[in-house]
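> Got a predicted model here, sequence first, then my questions.
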Amino acid sequence: MELTDVIEEIRLVPKNRLRDVYNFIHFFRLGLEKVQDESEDIMQFAGCWQDMKDEDFEHFSQEITDRR
């Protein structure tokens, strides 16, 4: 799909519904940015328990499960 296809569809939207289309696109874009930001925050912890002993990791995992 090309940008021109999307723009053409938007051109066909009745004028009284353009605000709804704008709001949808705007919030969709912001949502994508937020997901990307959260992924970067989460990935900074990747591998942080790599040097933990298996026994300690099991205890840690169980404690997290119990607290939920």
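The structure has been received and is ready for your questions.

> low-scoring stretches of this structure, by residue?
Where the chain drops to pLDDT under 70, the residues are 33-44, 49.

> Torsion angles phi and psi at Asp51?
phi -90, psi 10 (degrees, to the nearest 10).

> go on, Gly31?
Gly31 adopts backbone torsions of phi -60, psi -40, taken as degrees, to the nearest 10.

> That one: what's it in contact with?
Residues near Gly31 by C-beta atoms under 8 Å, 6 or more residues apart in numbering: none. All C-beta spots, glycine's among them, are computed from the backbone N, C-alpha and C.

> Just the helices from the chain, written as ranges.
3-11, 18-43, 54-67 (DSSP state H).

> Ile25: what's it in contact with?
No contacts exist for Ile25 under C-beta under 8 Å, 6+ apart.

> could you measure it against Leu18, distance?
Distance from Ile25 to Leu18, counting by C-beta to C-beta, to the nearest Å: 10 Å.

> Could you count how many residues lie near His26?
Using other C-beta atoms under 10 Å, the number of residues around His26 comes to 10.

> Kindly apply the preceding question to Leu30 instead.
Neighbour tally, Leu30, other C-beta under 10 Å: 10.

> Look up how far Phe24 lies from it.
11 Å.

> For the nearest residue to Val21 once chain neighbours are set aside, grab the count of nearby residues.
Spatial nearest neighbour of Val21, chain neighbours left out: Val13 (5.4 Å); criterion: C-beta to C-beta, 6 or more residues apart in numbering. When neighbours are defined as other C-beta under 10 Å, Val13 has 12 of them.

> before we move on, what about Lys15?
6.

> Repeat that for Val21.
Count around Val21 with other C-beta under 10 Å applied: 13.

> one step back: my read is that the residue nearest to Val21 contacts Arg19, right?
No - the criterion here is C-beta atoms under 8 Å, and Val13 misses it with Arg19 at 10.2 Å.
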